[in-house]
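1. build me a structure from this.
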Amino acid sequence: MIIRALEKNDLPSIHIINNEREMMAYWFEEPYESLDELERLYDKHLFDSSERRFVIEVAGEFVGVVELMEIDYIHRNCEIQIIVIKRFRGQGLAQKALRKGIEYAFSILNMHKVYLIVDVNNHPAVHIYKKLGFRQEGTMKDHFYTNGQYRDAYFMGILKDEVEFEYIK
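-> Residues are numbered from 1 along each chain as shown. Next up, the predicted model:
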């Protein structure tokens with residue numbers, strides 16, 4: 001498994017994810033985006049220093065994405081997000097990709113903290129985040145609206161000095 005920079009030719013795979021309502025609910029985003037819109041967003045954000053997008057790949061096959069968002073170079077923190085497509089779930093790939101994303105944030109971007117926001121009912125994701133060392137810092141009530149209802153979310157974070165890089169391979 002590798003992570004690599006998102007390229008324009010990856011957009012058709014991203015388009016599939018963005019048009020799956022269930023997947024976008026995990027990212028608290030509206031589903032159903034046109035490929036044209038996605039291409040315009042890609043061009044718009046190509047040189048945006050506040051985000052980094054990576055493709056997760058296994059044997060040359062698209063598996064998902066891991067993203068560093070809201071990169072703040074003054075306060076040295078950023079948000080991390082991940083999606084692994086259904087048929088690759090349950091293989092430990094999300095955990096491996098998150099480790100690589102965390103390592104990139106801390107060792108390349110010199111972040112002090114990486115955080116994430118997760119639905120309190122997304123138990124598999126919460127389990128993975130805790131296993132990687134993320135700590136629940138708070139619960140945000142009715143923080144996002146998806147599938148016709150407001151949902152609570154955990155705010156979780158990990159600090160650079162809490163990570164041992166030798167386990168990140």
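
2. all strands in this protein, in order from the N-terminus.
-> According to DSSP state E, the chain carries its strands in the segments 2-5, 52-58, 61-72, 77-84, 113-119, 135-146, 149-159.

3. other SSEs contacting the first one?
-> Right, the one you point to is strand 2-5. strand 52-58, helix 93-103 (3 or more Cβ pairs under 8 Å, 6 or more residues apart in numbering; DSSP states H and E). Glycine gets a C-beta too; all of them are placed from N, C-alpha and C.

4. could you check how far the closest residue to Asn77 other than its chain neighbours is from Phe155?
-> Computed as Cβ to Cβ, 6 or more residues apart in numbering, the closest residue to Asn77 that is not its neighbour in sequence is Lys113, at 4.1 Å. Note on Lys113: its distance to Phe155, by Cβ to Cβ, to the nearest Å, is 11 Å.

5. burial count for Ile71?
-> Neighbourhood size, Ile71 [other Cβ atoms under 10 Å]: 17.

6. please apply the same query to Gly157.
-> So Gly157, with other Cβ under 10 Å, has 19 neighbours.

7. helix or strand, whichever it is, which one in the chain has the lowest mean pLDDT?
-> Among the helical and strand segments of the chain, the one scoring lowest on mean pLDDT, DSSP states H and E is helix 21-26, with a mean of 60.

8. on that earlier part again, tabulate the helices and strands packed on strand 2-5 (TSV), appending mean neighbour count and distance to Leu35.
-> Shown next, in TSV, are these (neighbours: other Cβ atoms under 10 Å; distance: least, Cβ to Cβ, whole Å):
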stretch	mean neighbour count	distance to Leu35
strand 52-58	19	16
helix 93-103	21	24
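
9. could I get the ones you listed as a markdown table with mean pLDDT?
-> Shown next, in a markdown table, are these (pLDDT from 0 to 100):
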| stretch | mean pLDDT |
| --- | --- |
| strand 52-58 | 95 |
| helix 93-103 | 95 |
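
10. can you add distance to Glu39 and give these back as a markdown table?
-> Output for the helices and strands packed on strand 2-5, formatted as a markdown table (distance: least, Cβ to Cβ, whole Å):
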| stretch | distance to Glu39 |
| --- | --- |
| strand 52-58 | 14 |
| helix 93-103 | 24 |
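
11. what's the residue sitting furthest away from the middle of the chain sitting at in phi/psi?
-> Ranking residues of the chain by C-alpha distance from their mean position (Cα atoms, centre = their mean) puts Gly148 at the top, at 23.3 Å. Taking degrees, to the nearest 10, you get phi 80, psi 10 for the backbone angles of Gly148.
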